[in-house]
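K.L.:
I'd like to go over a predicted model; first the sequence, then the structure.
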Amino acid sequence: MARVAPSGDSSPGSSDSTGSSGSTGSAGPAVFRLLRAALARVRGLPAAVLRDYRSHHTTPTSALTHTPHPYARALGLLAVTLLGAWLGLLIVGSIHAPVGPVDTNMTLRPSLSGGTKINVSPLGALELRSHHAPIRLDVDVDRLDPVRAQALVDHPERFAGLQEQVTRDVVSGTGTLAFRSCVAVVSGATALGLAVYRRPRRALAAGGLALVLLASSGAAAYATWNPKSVLEPKFSGLLSSAPSVVGNARNIVSEFDVYQRELARLVTNVTKLYEATSTLPAYAPDPTTIRVLHVSDIHLNPAAWQIVKSLVKQYKIDVIIDTGDTMDHGSAAENAFLDPVATLGAPYVWVRGNHDSTTTQKYLATRKNATVLDDGRAVSVGGLRIAGVGDPQFTPDRSVVAEGDFSERTAGGKLADSLRTQRLAGTPVDIALAHNPVAVSEADGLVPLALAGHVHHRENSVLPRGTRLMIEGSTGGGGLRAVQGKKPAPVQASVLYLDRETRHLQAWDEITLGGLGLSKAEVSRHLPKENRPGATPSPVTTPPGTASPGPP
């Protein structure tokens, strides 16, 4: 009997299955066809979808090796810019600028503290906290130009406009320096940027950044400018002793408006003094007299040499006597200051002062025309017998405690012993010398005339035993001390007339010049009491506007 299928199984699907079970395409191939279709769909996924997947799940190697962090790139550019700007300033960022008769070299330099540094070779440097910015102004004072200085001597009418000229020179110099510095930093930073990056755009970026940095530094310097920085200067080198020499800087600053108005007169100090001495009246005493020029306490003032040379020529001086303190610090660096001694036109006799070291003495002893006296030694110069003793104290040496008058009297005792010896030998001394009046006072009664300095003003007296003591003022106007007080110290020297037979003092002229560019000149004639008919010295005609001081 035939088997009948259930009515539920009678469907197209089942009939298709039943029918296919008996055909060549069985169920297995159908499955494989379905799998192939699915794989084709996978293979047909758009390439963009796959690339997007990879970009989110992988990191390209090139991105790790060739793309630096933005901060690193900025720091690198800044380093290249700073180094290039510094090199540019170092190589081409300076100018030579004339300021009046002086040649200077001005430079801008990178600095953490800013400020201004003025180098005065070989004396040292002066630093001012003039501003707070990453740049410092360096000014090197090179030299005094002899051509421009001589032009001032030849054309005195230019003195009136010298202050304006100096101002114009400074403004012009700083303007040129600013432009030169901009070119230097831009060129240096651009050149180094091109060498490092090899890309013009990066190099130009470095140059532009350098210019911005320099402009910002200049603005900071302008905003923090401190004109009162001279109140607290910092000295180095030989200038480190300047505060003790010049005095309280605040006193100078308080009068700075006065000094500013007198700038031209200060700059031309040497010329003014020279012009003053060239117009002094020359006197004609007995031609048989021996003429002695007494100077003292020059204290490194170069004007003194021109004054001495002028007086030697006008008064026909036979011998120059310098009672010391020609120097200020007694250092070897100052020795060249003594070189003009050989050209003064008369024999030069010198004793050591408390600002003159043994180094100074040794150097001067080698100069032509100079005679150095020490330890009471006596010599014959210009028709006179002269003995002298050097100052036993060198006060710039702070490591040695000064012994004061005791030390001076001990040195004076050596001088007195020498004078006694010379008198017993039949060669009496005509003039005794010492820098300190205390020392030379020990020669009282052993010599008719004693000369000294040290106190920076004139004194004239007869000691108890008959020796006349003449103390000269400062022929250098006190040197740097001339700017310490409100009024400039005068420049003083004296011409002594001694009888050629008896070697006794017959008369003397006191010469006083205005200090710090003041062209006033005063000359007064004095006679010893025994040589004058009355109680007052004989007056002498002096230049208009001057006065003759009274007797000592």
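P.N.:
Now that the structure is in, tell me what you want to look at.

K.L.:
Alpha carbons of stretch 109-117, as CSV, please.
P.N.:
Output of stretch 109-117 as CSV, limited to C-alpha atoms (Å, rounded to 0.1, in the frame of the first residue of the first chain):
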residue,chain,number,x,y,z
ARG,A,109,74.9,94.2,24.5
PRO,A,110,72.4,91.5,25.8
SER,A,111,72.2,91.6,29.6
LEU,A,112,70.0,90.2,32.3
SER,A,113,70.2,93.3,34.4
GLY,A,114,70.5,96.2,31.9
GLY,A,115,72.1,99.4,32.9
THR,A,116,75.0,101.4,31.5
LYS,A,117,78.7,100.7,31.7
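
K.L.:
Can you give me the buried ones in it?
P.N.:
Arg109, Ser111, Gly114, Gly115, Thr116, Lys117 (16 or more other CB atoms under 10 Å). From N, CA and C alone the C-beta is placed, and that goes for glycine too.

K.L.:
model confidence over that stretch, on average?
P.N.:
What stretch 109-117 shows for mean pLDDT is 83.

K.L.:
Stretch 129-139 too?
P.N.:
Averaged across stretch 129-139, the pLDDT comes to 84.

K.L.:
From one end of it to the other, what's the distance?
P.N.:
Taking CA to CA, to the nearest Å, stretch 129-139 runs 14 Å from one end to the other.

K.L.:
in the top helix by length along the chain, what counts as buried?
P.N.:
Secondary structure of the chain per DSSP state H: the longest helix is helix 162-197. Using 16+ other CB under 10 Å as the test for burial, helix 162-197 gives 162-163, 165-166, 169, 173, 177, 180-182, 184-194, 196-197.

K.L.:
Surely Ala402 forms part of a helix?
P.N.:
No. Counting by DSSP: H, G, I helix; E, B strand; the rest coil, Ala402 is located in no helix; its state is coil.

K.L.:
Can you give me every residue that contacts it?
P.N.:
Taking CB atoms under 8 Å, 6 or more residues apart in numbering, we find Ala402 in contact with Gln393, Thr395.

K.L.:
pLDDT score assigned to it?
P.N.:
At Ala402, pLDDT is 76.

K.L.:
Could you do His457 as well?
P.N.:
pLDDT, His457: 92.

K.L.:
residues contacting the closest residue to it other than its chain neighbours?
P.N.:
Leaving aside its sequence neighbours, His457 sits nearest to Gly473 (CB to CB, 6 or more residues apart in numbering; 5.1 Å). By CB under 8 Å, 6+ apart, the contact set of Gly473 is Ser296, Asp297, Gly453, His456, His457, Arg458, Pro490, Gln492, Thr512.

K.L.:
cool, and Leu451?
P.N.:
The neighbourhood of Leu451, defined by CB under 8 Å, 6+ apart, consists of His294, Ile321, Thr323, Ile431, Ala432, Leu433, Val440, Leu469, Met470, Ile471, Glu472.

K.L.:
Give the rounded mean pLDDT of the longest helix of the chain.
P.N.:
What helix 162-197 shows for mean pLDDT is 82.

K.L.:
mind checking the end-to-end distance for stretch 436-444?
P.N.:
Stretch 436-444 has an end-to-end distance of 14 Å (CA to CA).

K.L.:
Please verify my assumption that Ser494 contacts His294.
P.N.:
Yes. Ser494 is within contact range of His294, at 4.6 Å (criterion: CB atoms under 8 Å).

K.L.:
what's the overlap in contacts for these two?
P.N.:
In contact with both Ser494 and His294: Met470, Glu472, using CB under 8 Å, 6+ apart.

K.L.:
could the contacts of Leu451 be laid out in TSV, adding neighbour count and secondary structure?
P.N.:
Output for the contacts of Leu451, formatted as TSV (neighbours: other CB atoms under 10 Å; DSSP: H, G, I helix; E, B strand; the rest coil):
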residue	neighbour count	secondary structure
His294	25	strand
Ile321	27	strand
Thr323	31	coil
Ile431	27	strand
Ala432	34	strand
Leu433	30	strand
Val440	32	helix
Leu469	19	strand
Met470	24	strand
Ile471	23	strand
Glu472	26	coil
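
K.L.:
quick check, nearest of those to Thr359?
P.N.:
Among the contacts of Leu451, Thr323 lies closest to Thr359 (CB to CB), at 19.2 Å.

K.L.:
Now do the same contact list for the closest one.
P.N.:
So Thr323 contacts 294-297, 351, 353, 433-435, 451-454, 472 (CB under 8 Å, 6+ apart).

K.L.:
hmm, 10 Å instead?
P.N.:
Contacts for Thr323 (CB atoms under 10 Å, 6 or more residues apart in numbering) come out as 294-297, 349-353, 388, 391, 433-437, 440, 450-454, 470-472, 475.

K.L.:
cool, Asp417 as well?
P.N.:
Counted by CB under 10 Å, 6+ apart, Asp417 has contacts Asp375, Gly376, Glu442, Leu446.

K.L.:
Quick check: mean pLDDT of the helix or strand where it lies?
P.N.:
Using DSSP states H and E, Asp417 sits in helix 405-424. In this model, helix 405-424 carries a mean pLDDT of 95.

K.L.:
tell me the contacts of the closest residue to Thr288 other than its chain neighbours?
P.N.:
If you skip the residues right next to it in sequence, Thr288 has Arg500 as its closest partner in space, 4.8 Å away by CB to CB, 6+ apart. Taking CB under 10 Å, 6+ apart, we find Arg500 in contact with Asp286, Pro287, Thr288, Thr289, Ile290, Asp318, Gly383, Leu384, Gln506.

K.L.:
how does it look with 8 Å?
P.N.:
Counting by CB under 8 Å, 6+ apart, Arg500 makes contact with Thr288, Thr289, Ile290, Gly383.

K.L.:
In space, what's closest to Ala342 - neighbours in sequence excluded?
P.N.:
Nearest non-adjacent residue to Ala342, counting by CB to CB, 6+ apart: Lys368, 4.2 Å away.

K.L.:
How many residues are close by the one you found?
P.N.:
9 (other CB atoms under 10 Å).

K.L.:
Name the SS class of it, please.
P.N.:
Judged by three-state DSSP, the three-state class of Lys368 is coil.

K.L.:
And Ser524, by the same measure?
P.N.:
With three-state DSSP as the basis, Ser524 sits in strand.

K.L.:
Then Ala203?
P.N.:
Put simply, Ala203 is helix when judged by three-state DSSP.

K.L.:
Tell me how many other residues crowd it.
P.N.:
Per other CB under 10 Å, the neighbour tally for Ala203 reads 21.

K.L.:
contacting residues around it?
P.N.:
Thr190, Ala191, Gly193, Leu194, Tyr197.

K.L.:
And stretch 438-453, end to end?
P.N.:
The straight-line separation of the ends of stretch 438-453 (CA to CA) is 10 Å.
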